[in-house]
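Student: Fold the following.
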Amino acid sequence: MKNLGFSRKITLAASIIIAFSLIVLASINYITVMNHTQSNLQANLEETSQTASSNIANWLNSKLKAIEAIAEATGEISPSMDRSKLALIKNAGNYEYVYVANESGTMVMDDPNETLPADYDPRIRPWYTKTKQLNSASFTKPYVDATSGSVLISGMAPINKNGNFTGVAAGDLSLDFIAQTLGLVDFSGTGHVYLISDDGTVLVHQNKALNEKNISDLYANDKIVIQPELVEASSDSGTVLVGFFPIKGVPSVNWYLAVEVNKELAFSSMKEIRNLALSLTPLAVIIAVVLLSLLLVQLTKPLRTLQTAMRDIAQGNGDLTKRLTITSSDEIGKLAEHFNTFVANIHDMMKDFKNHSDEMSSISGQMHSISSQSHKEMEAKLRLMHKARQKRPKMLIMKVK
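Tutor: Got it, this is the predicted structure:
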């Protein structure tokens with residue numbers, strides 16, 4: 001880090017900040033979109049389930065109304081009674097069977113060719129005892145027909161004469177219509193729906209092998225609670241989201257539409273968003289670094305010029321007459337201005353120094369000239385004195401003689 005240049009330090013720091021900011025922003029965006037997607041998924045599943053639930057409820061109620069109409073139109077029940085109304089309701093309503101029974105144990109089917117066991121007593125059958133107890137129209141719990149293997153449900157209505165209970169009108173319905181209705185719901189290929197009772201028993205499933213099993217067998221490793229909110233569970237097809245929506249408005253029917261969607265398929269768009277963010281974040285950082293580097297080259301150009309000028313001055317090669325060009329009024333421009341002032345002051349100092357140096361040189365020259373003249377005069381005097389000394393002894397000798 002110490003060996004990096006100023007621009008590279010800024011670029012590195014900015015890259016780290018940009019990368020961190022993009023990652024945080026992408027994470028927040030991903031979480032927000034994920035929550036929004038999950039809310040929309042919940043709402044869409046609820047809406048679709050409510051539509052399917054309403055269709056099933058309307059279908060069941062229409063079938064129950066037909067049975068109530070038979071109960072109101074039925075008079076004396078006997079093997080010789082007119083069965084045309086029973087046959088009409090059977091054919092019009094796609095019933096498996098339509099029948100009536102009274103308190104004496106007589107039971108009449110829509111088809112005279114249908115025979116019952118000699119010991120068959122309708123009064124002890126669940127459909128009869130329940131209707132007598134409730135004295136109102138209702139349905140039985142779904143059951144598997146021993147002959148066809150289809151899942152059936154019986155709709156019943158009490159027969160009352162003068163306010164007194166006299167018997168029961170009933171009809172057996174196949175749940176194939178419900179199975180077909182549920183088969184149309186696939187949530188764009190991400191899941192399916194199936195029908196369960198309030199105790200978690202599977203009534204109608206696209207995989208018939210799962211009928212009559214409990215949802216705890218479908219999601220063995222998870223504690224599933226029957227509630228509308230989607231919860232995550234593990235199934236044979238992988239991780240799924242499961243929710244349960246009640247079917248309302250049908251007497252004695254406590255059923256739920258179970259919605260199961262594959263989590264990976266439901267949030268496949270989120271996976272694409274995540275992958276896109278992972279690929280775009282490095283690209284955005286690279287682009288930002290390149291642009292920042294180009295910008296710093298322009299912004300730090302005055303600094304590099306200043307660096308060169310300072311280096312030349314430090315090495316003694318600087319031209320003190322040159323000045324930096326000031327192109328801005330920011331901190332770099334102020335620094336260049338102060339540098340120019342600094343160089344100008346040094347230039348002035350050097351000029352003064354040169355002037356003083358010239359004066360000193362002139363004085364030194366004069367002093368050297370004076371010194372030379374004095375030296376010459378001194379040498380002349382010494383020569384004279386030397387000559388005088390040489391003549392003096394001769395004069396003395398002459399006087400002695």
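
Student: which ones are touching the closest residue to residue 179 other than its chain neighbours?
Tutor: Excluding its sequence neighbours, the residue lying closest to residue 179 (Cβ to Cβ, 6 or more residues apart in numbering) is residue 204, at 4.9 Å. Placement of C-beta: from N, CA and C, glycine included. Taking Cβ atoms under 8 Å, 6 or more residues apart in numbering, we find residue 204 in contact with 142, 151, 175, 178, 179, 182, 194, 195, 211.

Student: Taking these together, which two end up most distant?
Tutor: 142 and 182 (13.7 Å; Cβ to Cβ).

Student: pLDDT weak spots in the stretch 251-400 of the chain?
Tutor: 312-324, 332, 389-400 (pLDDT under 70).

Student: just so I have it, where are all the helices in it?
Tutor: 263-266, 268-299, 301-314, 331-400 (DSSP state H, counting those that start in this stretch).

Student: Of those helices, which is nearest residue 28?
Tutor: helix 268-299 (11.0 Å).

Student: out of the helices of the stretch 251-400 of the chain, nearest to residue 32?
Tutor: Taking these one by one with Cβ to Cβ, helix 268-299 is closest: 10.8 Å.

Student: picking up where we left off before, report pLDDT for the residue nearest to residue 179.
Tutor: Looking at residue 204, its pLDDT reads 88.

Student: Need phi/psi at it.
Tutor: phi -140, psi 120 (degrees, to the nearest 10).

Student: List the beta-bridge partners for it.
Tutor: residue 195 (DSSP bridges).

Student: and the helices of the stretch 251-400 of the chain, which is most packed in?
Tutor: helix 263-266 (a mean of 17; mean count of other Cβ atoms under 10 Å).

Student: who are the neighbours of that one, in terms of helices and strands?
Tutor: strand 238-246 (3 or more Cβ pairs under 8 Å, 6 or more residues apart in numbering; DSSP states H and E).

Student: before we move on, back to that, the helices of the stretch 251-400 of the chain: which one's closest to residue 77?
Tutor: helix 263-266 (54.2 Å).

Student: if I look at residue 77, how far off is residue 340?
Tutor: Note on residue 77: its distance to residue 340, by Cβ to Cβ, to the nearest Å, is 120 Å.

Student: my bad, should have said residue 355
Tutor: 23 Å.

Student: Likewise for residue 43?
Tutor: 70 Å.

Student: follow-up on the earlier one: any chance of the helices of the stretch 251-400 of the chain in TSV, with distance to residue 57 too?
Tutor: Converted to TSV, the helices of the stretch 251-400 of the chain look like this (distance: least, Cβ to Cβ, whole Å):
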stretch	distance to residue 57
helix 263-266	26
helix 268-299	33
helix 301-314	78
helix 331-400	76
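
Student: Which one of these lies nearest to residue 163?
Tutor: Across those, closest to residue 163 is helix 263-266 (Cβ to Cβ), at 55.4 Å.

Student: Show me the contact partners of the closest one.
Tutor: So helix 263-266 is contacted by 41, 187, 189, 190, 191, 232, 238, 239, 240, 241, 271 (Cβ under 8 Å, 6+ apart).

Student: before we move on, the earlier item: restricted to helices, list the contacts of residue 204.
Tutor: Those of the contacts of residue 204 mapping onto helices are 178, 179, 182, per DSSP state H.
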